[in-house]
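Student: this one's structure only:
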């Protein structure tokens, strides 16, 4: 794909376009939350519980309160009122840890905030926080990894514990499984994983009378505004949230955490701006993690590979108070065709901080289990795993009885297999060699939801020939600044270098949260509507301004392309630049506003809307030194029209690397005695890095899905992670003969 700027009349959509915000980031001009500083600013550091279960019985603040520069030590008795927030319509009022900080003296997880030191420098605040002495009554925490579903009345009997929740059902899965000629019954486990974006969670709070301004690292500024307005009893219009650049979030920054109201309460009490930046250790304790899951998958099939039954029973852990749902069954009911199905789940409370969405929530651990089970079934039947999936390709979404808006998974299998060289695969374990290494080849399918959130945007055409497009959504590193510039350029013909993009501020038109891979699909109709309305205003100016070349023309006679107004019958290149018309009218600008409705969760939907794809993975195994490496990956993705192939490929590559980390490295371990995360640093929490990233070959099918928006674009941020771990473990088995069903794959697993 070309990376040169589009020429006159050429569409910027579908072109590989470098990030328009890239120069600001690499030059250091882009300001992240902790980069903002204000006169008189104070610094806050939380005091964290050093137990995971019990109660605070004493706070000794004498030494801390007298230390240099300390302005206050805030705690339950003196922080002032912080209300709970309630969930409103849509994505409004959501916070994963609903209990306000300091609401009671009960400790439910290690690292829970119990006081806040505020001082004139960060160093003084940290020293004061360390000097606070806390007395506890202690109880043994429950951080057990063996998950049993908690007792939930009026539910069915669970395969993991006493009770379960029924999520999806059709046919008679029990009877079909009992009578199936071929059966598979296995349990798959994924560990707790912790979001570790480069940018730490941070909040800077400023009060001006009854107005609160928050500089926050957030994936959802409007929801955050609503939550903080409720917590401090303010009308929404009195709260502004600014988050212009986010150093990634992976879902952990979707919803506000307790440091937000703490910073705001401290700023309210002390009358000065307060900055609170979490440490890396705190990131493992108080701002969410992916839940540990335990999933039993039972497949019944005919000898030739046709599925007759599918059970997917899963349990996940959650905190003692909160209700986050890790929807491992999100894709199970529609991904493949099966007449008899049952999906059910249970929950197990633990003394851990609130769980949270993490890239590909629910479906990513869920697909690890179901795709692994399909690979095992293929081996058991001695048929190719691609063939097994093709045999069970559904004609419709069998869970909703709806047609798919666009589904080209079989073509993904075909292209991925061809590019990978799958036809050369010898299915015998350990049979493939290269350079004295044993090769393992594995594959898996993947899917992710596609939908729109409600969105608003505005677009200005200005008298200097530039444009400004604005939306209150945020760019979390995925390229939203660039996509908005491309959309504005597509509708106006103005070159990208003359388009200003404004994001990440609740004073802008309301935009969607950056989650679910839905921002791009949501913004297309809103930006296009805003551009159309701005153009209408411009054409009105052209036909009503004295001295305009179009003064005596009718509105319907005119058109607008390439930044020029022209008579429809004429050559657009001979039109009049819009800047000239605005100057004639003595107008600085014309503005158009646009709005689009959401489709996420629409009960009247006529189509099932999802993206699809597959991953092919090669690993190398050197048994003499127990060295396992992922050596190459081929990915084929059906995600609608790809608006920016350069950024799109980057998203899939990053997701695949994260999938390699999920398969081979990432897990958060909790100490059974204290409940503390043991590996709470980037030295001990191992993730895939550049040295672990193999060549990744990404192929997009590029079929527009017009049910999503006019351009047919669907989001791609998360589908690249789904299925990768199952492909890796299939490759590990192919090379070693060892079937790993609990992630991550460990050297100990391979030395048996």
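Tutor: Ah, there it is. For clarity, every value in this text was computed on a predicted model and none was experimentally measured. Numbering: from 1, shown residues only.
Student: Report all helices and strands that the longest helix belonging to the chain contacts.
Tutor: Identified as the longest helix of the chain according to DSSP state H is helix 519-544. In this structure, helix 519-544 packs against strand 455-462, strand 467-470, helix 480-492, strand 558-561, strand 564-567, helix 578-584, strand 589-596, with contacts taken as 3 or more C-beta pairs under 8 Å, 6 or more residues apart in numbering; DSSP states H and E. C-beta coordinates here come from the backbone N, C-alpha and C atoms, glycine included.
Student: Output the ones you listed in CSV; the columns should cover mean pLDDT, mean neighbour count and distance to residue 349.
Tutor: Output for the helices and strands packed on helix 519-544, formatted as CSV (pLDDT from 0 to 100; neighbours: other C-beta atoms under 10 Å; distance: least, C-beta to C-beta, whole Å):
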stretch, mean pLDDT, mean neighbour count, distance to residue 349
strand 455-462, 98, 25, 36
strand 467-470, 98, 24, 43
helix 480-492, 98, 26, 37
strand 558-561, 96, 19, 59
strand 564-567, 96, 20, 64
helix 578-584, 98, 20, 60
strand 589-596, 98, 19, 40
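Student: Of these, which is nearest residue 325?
Tutor: Closest to residue 325 of these is strand 455-462 (C-beta to C-beta; 24.7 Å).
Student: Give the rounded mean pLDDT of stretch 125-133.
Tutor: Regarding stretch 125-133, the rounded mean pLDDT is 98.
Student: Can you give the domain ranges for this structure?
Tutor: Using automatic domain parsing, the domain parsing of the chain gives 22-30+452-596, 384-449+607-750.
Student: so which of those comes closest to residue 211?
Tutor: Comparing the domains of the chain by C-beta to C-beta, domain 22-30+452-596 comes nearest, at 11.7 Å.
Student: Looks like residue 720 contacts residue 639 (just checking).
Tutor: No: Residue 720 lies out of contact with residue 639 (C-beta atoms under 8 Å); the separation is 9.2 Å.
Student: Compare those two and say which is more crowded by neighbours.
Tutor: Neighbours were counted for residue 720 and for residue 639 using other C-beta atoms under 10 Å; residue 720 has more, 33 against 30.
Student: what about that one, which helix or strand?
Tutor: Per DSSP states H and E: residue 720 is located in neither a helix nor a strand.
Student: Now the closest residue to it other than its chain neighbours: which helix or strand?
Tutor: By the measure of C-beta to C-beta, 6 or more residues apart in numbering, the closest residue to residue 720 outside its immediate chain neighbours is residue 655, 2.9 Å from it. Using DSSP H and E, residue 655 maps to helix 645-664.
Student: next one: residue 212
Tutor: Taking DSSP H and E as the criterion, residue 212 maps to strand 211-216.
Student: That strand - contacts with which helices or strands?
Tutor: Helices and strands touching strand 211-216, by 3+ C-beta pairs under 8 Å, 6+ apart, are strand 202-208, helix 221-231, strand 239-242, helix 259-270.
Student: Please name whichever of the ones you listed is nearest to residue 491.
Tutor: Distance to residue 491, taken as C-beta to C-beta, is lowest for helix 221-231 among the helices and strands packed on strand 211-216, at 24.4 Å.
Student: can you give me the helices in the stretch 301-450 of the chain?
Tutor: 332-335, 363-381, 385-391, 409-420 (DSSP state H, counting those that start in this stretch).
Student: so how far is the shortest one off the chain centroid?
Tutor: Centroid separation between helix 332-335 and its chain, computed with C-alpha atoms, centre = their mean, to the nearest Å, is 21 Å.
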